[in-house]
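>>> What follows is a protein structure lacking sequence information:
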């Protein structure tokens, strides 16, 4: 059977985008809350 | 200097994920029947396991919330549901990408795929419900009930391959008896299961901390 490396790359690439995106969202929220705490 | 456990956990998860990639792409051999596209399983199977785990935690935390009404239990359920939805999404997408070259289709409405899609939609609904109710206590109570109901779909997802005739194969690891695969493939799979579990714990710990900080900022 053919290897279909493009499918492998698509699956892992998608996971990196989703999981990395979530991590970035948490980090941004953390920075926003820290800034809010400094202002208060 | 304060010792940040979550940060250490994050680095540990990152290192284990790197080890998982080395195992999945460097150590595990090319699968004879499927070819290299089988390497998607080192992502699909661990994320599916994490989804089971996440919704199991939602179930336990929701029961604890209804019994004790502690905000901490609600925050744990909320964080675990959010992370669980994300991992379920990755599981479905990775499975679909693997399915196209292997089964010849991106999607089929068999029992396993349908029950997991229902699980995904139910927990999306759980997150929407939280966003729709302003009263924190009421949102926590309604979501605890929904969290428990939705978790009942997890056994249905797992056993669907035994109860119905499905295109999806039965479990190779989470089943009675020994795993039916070569040791190198099993080792790669298990390292990735540990890695994604650590990533789940890291995300949930971080999200719980943020939810607590958010509620303190709002108070």
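Yep, that arrived. Everything numeric here is computed off the predicted structure, so don't read it as measured data. Residues are numbered from 1 along each chain as shown, chains lettered A, B, ... in the order given.

>>> Find the helix or strand that the residue positioned nearest the centre of chain B is a member of.
The centroid of chain B falls nearest to residue B:51 when counting by Cα atoms, centre = their mean (1.7 Å). Per DSSP states H and E: residue B:51 is located in helix B:41-68.

>>> Show me what the next helix or strand after that helix is packed up against.
On the C-terminal side of helix B:41-68, the closest following helix or strand by DSSP H and E is helix B:71-103. With contacts taken as 3 or more Cβ pairs under 8 Å, 6 or more residues apart in numbering or on different chains; DSSP states H and E, helix B:71-103 sits against helix A:5-39, helix B:41-68, helix B:111-132, helix B:136-151, helix B:183-218. All C-beta spots, glycine's among them, are computed from the backbone N, C-alpha and C.

>>> how distant is the first one from the center of its chain?
Helix A:5-39 sits 2 Å away from the centroid of its parent chain (Cα atoms, centre = their mean, to the nearest Å).

>>> show me where pLDDT drops low in chain A?
A:1 (pLDDT under 70).

>>> What residues does it have near chain B?
A:1-5, A:7-8, A:10-12, A:14-15, A:18-19, A:22-23, A:26, A:29-30, A:33, A:36-37, A:40 (Cβ under 8 Å from any Cβ of the partner chain).

>>> and those, which are buried?
Burial by neighbour count, judged by 16 or more other Cβ atoms under 10 Å in any protein chain shown, picks out A:4, A:7-8, A:10-12, A:14-15, A:18-19, A:22-23, A:26, A:29, A:33 from these.

>>> between those residues, which is nearest residue B:121?
If you rank those by distance to residue B:121 using Cβ to Cβ, residue A:18 comes first, at 17.3 Å.

>>> dump the residue contacts of residue B:24.
B:39, B:42, B:188, B:191, B:192 (Cβ atoms under 8 Å, 6 or more residues apart in numbering or on different chains).

>>> Close to chain A: what parts of chain B are there?
Counting by Cβ under 8 Å from any Cβ, chain B sits next to chain A at B:30, B:33-37, B:39-40, B:43-44, B:47, B:83, B:86, B:89-90, B:93-94, B:97-98, B:100-101, B:199, B:203, B:206-207, B:210, B:213-214, B:217.

>>> buried ones in stretch B:168-177?
Here stretch B:168-177 shows B:168, B:171 as buried, counting by 16+ other Cβ under 10 Å.

>>> Hmm, I typed the wrong one, I wanted stretch B:113-126.
B:113, B:114, B:115, B:116, B:119, B:120, B:122, B:123, B:126.

>>> cool, stretch B:8-22 as well?
B:9, B:10, B:13, B:16, B:17, B:19, B:20, B:21.

>>> and residue 35, how many neighbours?
Defaulting to chain A. By the criterion of other Cβ atoms under 10 Å in any protein chain shown, residue A:35 has 10 neighbours.

>>> wrong one, chain B
17.

>>> so where is chain B shaky, pLDDT-wise?
Counting by pLDDT under 70, chain B has low-confidence residues at B:1-3, B:174.

>>> Name all residues that make contact with the residue nearest to residue A:10 when sequence neighbours are not counted.
Setting aside the residues directly before and after it, residue A:10 is nearest to residue B:97 in space (Cβ to Cβ, 6 or more residues apart in numbering or on different chains), at 5.3 Å. Taking Cβ under 8 Å, 6+ apart, we find residue B:97 in contact with A:7, A:10, A:11, A:14, B:40, B:106.

>>> Closest to residue B:171 out of those residues?
residue B:40 (16.5 Å).

>>> what's the closest non-adjacent residue to the closest one?
The spatially closest residue to residue B:40, leaving aside those adjacent along the chain, is residue B:98, at 4.2 Å (Cβ to Cβ, 6+ apart).

>>> Is residue A:8 in contact with residue B:39, as I believe?
Yes: between residue A:8 and residue B:39 there is a contact at 5.4 Å, judged by Cβ atoms under 8 Å.
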